[in-house]
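S.K.: The following comprises the amino acid sequence and a computationally predicted model.
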Amino acid sequence: MRFNTILFDLDGTLTDPSLGITNSIMHALSKRGITVTDRSDLYRFIGPPLLESFERFCGFSADESKVALEDYREYFSTRGLYENTLLDGCEDTIRTLKEAGC
């Protein structure tokens with residue numbers, strides 16, 4: 001049996017979403033007077049649910065986390081989702097798969 005349809009996950013497979021995600025987190029934190037000087041400190045937010053991450057890593061209450069998530073989404077929905085970069089080699093891989101009939 002030969003398959004010609006391939007499904008990819010976007011974030012972390014084809015693109016690196018870390019800039020848009022961390023910028024969105026920085027936006028939410030800045031609204032609370034929190035300045036982040038080292039973006040890599042925010043990488044731990046990538047993956048787990050954001051509500052839990054705001055509580056765990058920032059010490060926010062559940063209500064504060066909900067508001068922070070709304071502020072995150074405010075930035076992400078208009079800018080952050082466009083701040084992805086293609087991962088090295090993904091264009092060539094997709095081109096090769098297309099040429100192979102996928």
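M.R.: Thanks, I have it.
S.K.: what does stretch 94-101 contact?
M.R.: By C-beta atoms under 8 Å, 6 or more residues apart in numbering, the residues outside stretch 94-101 that reach it are 4, 6, 14. Just so you know, the C-beta spots here come from the backbone N, C-alpha and C atoms, and that holds for glycine as well.
S.K.: Apologies, that question was intended for stretch 15-22.
M.R.: 10-11, 39, 42-43, 45-46, 76, 79-87, 90.
S.K.: returning to that earlier point: highest neighbour count among the contacts of stretch 94-101?
M.R.: residue 14 (15 neighbours; other C-beta atoms under 10 Å).
S.K.: What distance do you get for it to residue 70?
M.R.: Counting by C-beta to C-beta, to the nearest Å, the gap from residue 14 to residue 70 is 28 Å.
S.K.: helix, strand or coil for residue 26?
M.R.: The three-state label given to residue 26 by DSSP: H, G, I helix; E, B strand; the rest coil is helix.
S.K.: I'd say it and residue 45 touch.
M.R.: No - the pair residue 26 / residue 45 is not scored as a contact, 10.3 Å apart, by C-beta atoms under 8 Å.
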